[in-house]
Structure formats: C-alpha cells, structure tokens
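K.L.:
generate coordinates for the sequence data below:
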Amino acid sequence: MIETWRQPLGELGLRTLGGSLVGYTWCQTASQSALRGALLGGLGAAAATFGWYQLRKAITEKSGLLPAAVGLGEDALLWGAGAVLLRSLPLLRTGHSQA
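P.N.:
Next comes the predicted model:
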C-alpha cells in the first residue's frame with residue numbers, strides 16, 4: 001500500500017479537484033447541497049485514483065502488458081462509461097426541458 005503514495009501528488013490533486021468540481025456542479029444542478037457534492041466528488045475521485053492505480057499495477061504485472069497499454073484500456077473504459085452516464089442524465093437528453 002505504501003507504493004500507492006508514490007503517485008505524483010499533482011496528479012492526485014488534479015483528479016480530486018476535478019471530482020470536486022463535478023460533484024459540486026451535479027448537486028447544484030439537482031438543487032442538492034453543492035458543498036456535499038464537492039466533498040463526495042473529491043473523495044470519490046481520490047479513492048478511484050488509488051483503486052485504479054492498484055488495478056493497473058496488478059494487470060500489468062500479471063499480463064506482462066506495457067503500463068501504457070493498460071492505461072489506454074483504462075482510459076477507453078472510463079470514457080465509455082462516462083459517455084453512457086451522460087446520456088442517461090435527464091437534463092442532458094435532447095428534447096427535454098428543465099422544469
């Protein structure tokens with residue numbers, strides 16, 4: 001677990017900030033607590049950063065694939081999941097208006 005801390009703090013900070021901004025915006029749009037959204041988004045992003053790092057490391061070690069190849073697979077998976085999530089949000093569907 002100590003090796004997890006070797007990730008650059010700048011990368012962790014940027015991902016945490018990004019998660020906070022998304023959580024803030026999402027909750028504010030849904031008339032929920034923006035502060036709570038920012039905190040949960042930031043914590044979720046930080047936890048996901050560590051979790052995905054451990055998963056990438058394990059896949060790389062067990063498969064012998066290059067870390068960059070595993071990272072590209074991770075990026076493709078997360079971009080696809082994000083696109084599906086965005087399409088499922090009622091506020092972003094075409095033809096729907098916000099009441």
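
K.L.:
C-alpha only now, for contacts and for neighbours.
P.N.:
Noted.

K.L.:
list the contacts for the residue nearest the centre of the chain?
P.N.:
The residue lying closest to the centre of the chain (Cα atoms, centre = their mean) is Ala45, at 5.1 Å. For Ala45, the contact set (Cα atoms under 8 Å, 6 or more residues apart in numbering) comprises Arg15, Thr16, Gly18, Gly19, Ser20.

K.L.:
who are the contact partners of Leu40?
P.N.:
Applying Cα under 8 Å, 6+ apart, the residues contacting Leu40 are Ser20, Gly23.

K.L.:
what pLDDT does the model give it?
P.N.:
Note on Leu40: pLDDT of 95.

K.L.:
what helix or strand does it sit in?
P.N.:
Leu40 is part of helix 34-63, with elements assigned from DSSP states H and E.

K.L.:
quick one: that helix to chain centroid distance?
P.N.:
Centroid displacement of helix 34-63 relative to its chain, using Cα atoms, centre = their mean, to the nearest Å, is 7 Å.

K.L.:
one step back: export the contacts of Ala45 to CSV and tack on distance to Ala81, neighbour count and secondary structure?
P.N.:
Formatted as CSV, the contacts of Ala45 follow (distance: Cα to Cα, whole Å; neighbours: other Cα atoms under 10 Å; DSSP: H, G, I helix; E, B strand; the rest coil):
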residue, distance to Ala81, neighbour count, secondary structure
Arg15, 17, 20, helix
Thr16, 19, 24, helix
Gly18, 17, 17, helix
Gly19, 15, 23, helix
Ser20, 19, 25, helix
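
K.L.:
closest to Gln32 among the residues you listed?
P.N.:
Distances from Gln32 to the contacts of Ala45, taken as Cα to Cα, are shortest for Ser20 (14.3 Å).

K.L.:
what residues of the helix holding Leu40 count as buried?
P.N.:
Within helix 34-63, the residues scored as buried using 16 or more other Cα atoms under 10 Å are 34-35, 37-46, 48-50, 56, 60.

K.L.:
report how many residues lie close to Gly13.
P.N.:
Residues near Gly13, counting by other Cα atoms under 10 Å, number 14.

K.L.:
fine by me, thanks again.
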